[in-house]
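Asker: Provide a 3D model corresponding to the input given below.
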Amino acid sequence: MAPSRGALMAVTAVAAAAVTVAACDSSGTEHRNGSETSPSSSSPSASPTPSPTRSYPLSKTPRTIPAVREHTPARGPGWRPGKSSGVVIGQGDKGLADEGRLLAGELGIRYRGEVPARAGDVELALNAKDGGGPESYTLRTHDGRVTISGRAQAGVFYGTRTLKQSVRADGTMPEGEVRDRPDRPQRGLNLDIARKHYSAGWIEDRLREMADLKLNQLGLHFSDDQAFRIESDTHPEVVSPEHLTKAEVRRIVALAGRLHIEVVPEIDSPGHLGAVLRAHPDLQLLNVSGVPSKGSLDISKPGAAKLVDELLGEYTELFGGAYWHLGADEYQALMVSSPAASYPQLQRAAVKKYGAQAGIEDLATGWLNDRAAVVRPHGMKPKAWNDGLFRDSTVRADKDIEIEYWTGKEYGARPPEQYLREGFTMLNLNDEFLYYVLGQPNAFVYPTGKRIYEQWTPLVLRGTSPVPAKYSDQILGGRFAVWGDFPNAQTAAQVAEGIRMPLRATSQKLWDPGKPQLSWDGFKALAKEIDQG
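Answerer: As a prediction, this is how the structure comes out:
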């Protein structure tokens, strides 16, 4: 029955008839005032009394994580899955079939494909006229059905996440219209699978969790001093015993694609290459006394670039996608008091390539630019850690390299405003809020999510103070990061549980950085309801 607007009743004038007024709450439960009239209580000569029309209070905003940004309430029963409900897609919208099948399975209703919607259905549709960007969507609940539309598949998919969460939290999708969009285009989780091995199944579970939270980026740091964790055809000698096969990686990438998540692979260089260098000791960086520099590649040797570029070529083809992370942080040659004196071979190489005024910082920056040139032809945008770009180098990092800002404490690291003034775009991985470091070394403490939820925004790149709002457009988003410094400090299951609330808090603040309406305790309670719904 279509909901009325106001308490509309048409009642014939019968003196003996008692009038029943019915009202429903947002769940559709009737609350009656007055006495119910039966046919036998009416005068024999009276005309039949019309059935009373339900009147609904204005709907409440659906409860989801992240919270929807706009909801226009309306009067009506809302929508809940029923025996005759189904998920359908709009005419010509075959590209939404995956989203439709997934939603139908989650709600326990049928997927009926590209057919007209009927009462009780959920319809998914692409609509080029929908406002906003490719991740925005409109969700309308009216006349016992739901329509989710957006300019692109990603937006429609996020609308299905809103519907799923609302039904799990409250059993229903409230009447009215949701118009929703993210504040930042890059939102995600960064996972160190080099120092701690995670199974493909565990990673796939995180992808599903991320998708429900409208996160769209998974960083995979799969090479470090401790291990190299993905099967290789070009250099099988560098691969650690516990690793992901290429078939497993393809499965992960395929699932991520269906869930509208970009996988961002990372081979860190010229530092953090210890696992590779164990198989190639001739390329290990040695200081003037012949002492090895931990995890560091000697970039003065021609074989160094050849090795790394062969690996980059192999894995850019395996992963595809829009981004490649080049690392570039914590190169040990630049973390000593006198780099040129400690590593004269690097200083000579810098002068030979870039001139008499050049130093090791220039050589390292040139290395970063050269590796960026390797990944660009594969259609991938290069990323690097902020401490891999140097203030005083003559050679400047290419401006299209996205900077992932994690610290102001390491050598080479600068306040974020300096990078922003130079015109770089940045991603926020502030180590004081967004780092979950196994074993809690170096004063790191496992974040609960509360500080993220209450104090952090994408503008808080370093410490606790935001950068000026004028730089907001250059800050593309952020990722919550898990690092495996002491890999046995927690099991994979403990990691999953430990990051559960911090990941939800990060999701909320990347979708809408404003002060949340719920308290932290209320937010935790809602997360529990959704997870158990």
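Asker: From now on I want contacts and neighbour counts done on CA atoms only, so please keep to that.
Answerer: Will do.
Asker: What ranges does the stretch 51-200 of the chain have for its strands?
Answerer: Using DSSP state E, counting those that start in this stretch, the strands found in the stretch 51-200 of the chain span residues 70-73, 86-89, 110-113, 122-126, 137-142, 145-150, 176-180, 186-192.
Asker: Make JSON lines out of these and add mean pLDDT.
Answerer: Shown next, in JSON lines, are the strands of the stretch 51-200 of the chain (pLDDT from 0 to 100):
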{"stretch": "strand 70-73", "mean pLDDT": "98"}
{"stretch": "strand 86-89", "mean pLDDT": "98"}
{"stretch": "strand 110-113", "mean pLDDT": "98"}
{"stretch": "strand 122-126", "mean pLDDT": "98"}
{"stretch": "strand 137-142", "mean pLDDT": "98"}
{"stretch": "strand 145-150", "mean pLDDT": "98"}
{"stretch": "strand 176-180", "mean pLDDT": "98"}
{"stretch": "strand 186-192", "mean pLDDT": "98"}
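Asker: Any chance of a markdown table for these, columns mean neighbour count and distance to residue 439?
Answerer: Listed next are the strands of the stretch 51-200 of the chain as a markdown table, based on neighbours: other Cα atoms under 10 Å; distance: least, Cα to Cα, whole Å:
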| stretch | mean neighbour count | distance to residue 439 |
| --- | --- | --- |
| strand 70-73 | 16 | 41 |
| strand 86-89 | 27 | 46 |
| strand 110-113 | 19 | 46 |
| strand 122-126 | 26 | 45 |
| strand 137-142 | 24 | 41 |
| strand 145-150 | 26 | 43 |
| strand 176-180 | 22 | 38 |
| strand 186-192 | 24 | 14 |
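Asker: Include distance to residue 79 when you put those strands into CSV, please.
Answerer: Compiled in CSV, these are given as follows (distance: least, Cα to Cα, whole Å):
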stretch, distance to residue 79
strand 70-73, 14
strand 86-89, 12
strand 110-113, 16
strand 122-126, 9
strand 137-142, 7
strand 145-150, 6
strand 176-180, 10
strand 186-192, 30
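Asker: Need the phi and psi values for the most centrally placed residue in the chain.
Answerer: Nearest residue to the geometric centre of the chain (Cα atoms, centre = their mean): residue 215, 2.1 Å. Phi and psi for residue 215, reported as degrees, to the nearest 10, are phi -90, psi 140.
Asker: what's near enough to touch it?
Answerer: Contacts for residue 215 (Cα atoms under 8 Å, 6 or more residues apart in numbering) come out as 186, 187, 188, 189, 261, 507.
Asker: hmm, 7 Å instead?
Answerer: By Cα atoms under 7 Å, 6 or more residues apart in numbering, the residues touching residue 215 are 187, 188, 507.
Asker: end-to-end on stretch 327-346?
Answerer: Stretch 327-346 stretches 19 Å from its first residue to its last (Cα to Cα, to the nearest Å).
Asker: residues making contact with that stretch?
Answerer: Stretch 327-346 has contacts (Cα under 7 Å, 6+ apart) with 266-271, 287-288, 293, 296, 300, 347, 360, 368, 384-385, 387-388, 411.
Asker: Of the contacts of residue 215, just say which sits nearest to residue 118.
Answerer: Residue 118 has its nearest neighbour among these in residue 507, at 34.0 Å by Cα to Cα.
Asker: got a list of what the closest one touches?
Answerer: Going by Cα under 7 Å, 6+ apart, residue 507 touches 66, 213, 215.
Asker: Distance to residue 516 for those residues - can I get that in JSON lines?
Answerer: Below are the contacts of residue 507 laid out as JSON lines (distance: Cα to Cα, whole Å):
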{"residue": "66", "distance to residue 516": "10"}
{"residue": "213", "distance to residue 516": "15"}
{"residue": "215", "distance to residue 516": "18"}
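Asker: what residue ranges in the protein score low on pLDDT?
Answerer: 1-54 (pLDDT under 70).
Asker: which residues in it form helices?
Answerer: Using DSSP state H, the helices of the chain run over residues 97-107, 153-170, 200-212, 246-258, 274-279, 302-319, 339-342, 344-354, 360-375, 416-421, 450-455, 492-498, 500-511, 520-532.
Asker: Give me the buried positions along the shortest one.
Answerer: Meaning helix 339-342. Across helix 339-342, burial judged by 16 or more other Cα atoms under 10 Å covers 339, 340, 342.
Asker: again, but for the fifth one
Answerer: Neighbour counts using 16+ other Cα under 10 Å place 274, 275, 276, 277, 278 of helix 274-279 among the buried residues.
Asker: Redo those as JSON lines? Include distance to residue 245.
Answerer: Output for the buried residues of helix 274-279, formatted as JSON lines (distance: Cα to Cα, whole Å):
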{"residue": "274", "distance to residue 245": "21"}
{"residue": "275", "distance to residue 245": "17"}
{"residue": "276", "distance to residue 245": "17"}
{"residue": "277", "distance to residue 245": "21"}
{"residue": "278", "distance to residue 245": "21"}
